[in-house]
Structures are given as structure tokens and as C-alpha cells.
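**Student:** Sequence unavailable; structure follows:
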């Protein structure tokens, strides 16, 4: 894995955030188009295209490298433990 500068890391984080939003929209479109193809006279190719686009975007998002600091990762683990403890009471 190559070293990332702060500017590259911020750029990649913004790219991943935008891709996440587009992926959510594509997945919702896939569901809606699938339901429309089931209930209405819509061809099955439209939900298939939306699914392929969302799959490609998910792969691009996963391949985008980011650098997470140890402090941030530790905070996430502590927060998850707090939620788990509160749920048991």
C-alpha cells in the first residue's frame, strides 16, 4: 500500500462520500425498477443496468485507499462497546 498524504487522503474520503451517495441512489433505483418490472409492463433490463452500475461503483469505492488514524478506530470500538453495554441493561 502506498503512502498517502493528507491532501490525497481528504480527496479520497470526499470521493468515497460522493460514491456512497450515488450507490445508495442506484440501489434504491434498482429496487424501484425491479418492483415496476414485476407489477407493471417494464422491461427487466432497466433494473439489471442499475444493479450493474451500483456493483461497479461499490468496487471502485472499495478500491479507493484511505488512511484511518488509530485514535479514530479506537473511538469507534469504544462507542460500539458502550452501545453493547447499554443494550444489555
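**Tutor:** Done, it's in. Predicted model, so just to flag it, every value in this text is computed and none were measured.
**Student:** Would you check that residue 9 makes contact with residue 64?
**Tutor:** No. Here residue 9 does not reach residue 64: they are 10.5 Å apart, not a contact under CB atoms under 8 Å. Using the backbone N, CA and C atoms, a C-beta is placed for each residue, glycine as well.
**Student:** quick one: least confident helix or strand in this protein?
**Tutor:** Sorting the helices and strands of the chain by mean pLDDT, DSSP states H and E puts helix 70-88 at the bottom, at a mean of 75.
**Student:** Please list the outside residues in contact with it.
**Tutor:** Residues outside helix 70-88 that contact it (CB atoms under 8 Å, 6 or more residues apart in numbering): none.
**Student:** in this structure, which spans are helices?
**Tutor:** Using DSSP state H, the helices of the chain run over 6-39, 45-63, 70-88.
**Student:** Surely residue 65 touches residue 5?
**Tutor:** No. Applying CB under 8 Å as the test, residue 65 and residue 5 come out as separate, 11.7 Å apart.
**Student:** how about the residue nearest the centre of the chain, what does it touch?
**Tutor:** Centre of the chain computed as the mean C-alpha position; nearest residue by CA atoms, centre = their mean is residue 20, 4.1 Å away. Shown in contact with residue 20 (CB under 8 Å, 6+ apart): residue 61.
**Student:** Let me see the contact set for residue 14.
**Tutor:** Neighbour list for residue 14: empty [criterion: CB under 8 Å, 6+ apart].
**Student:** What distance do you get for it to residue 84?
**Tutor:** 31 Å (CB to CB, to the nearest Å).
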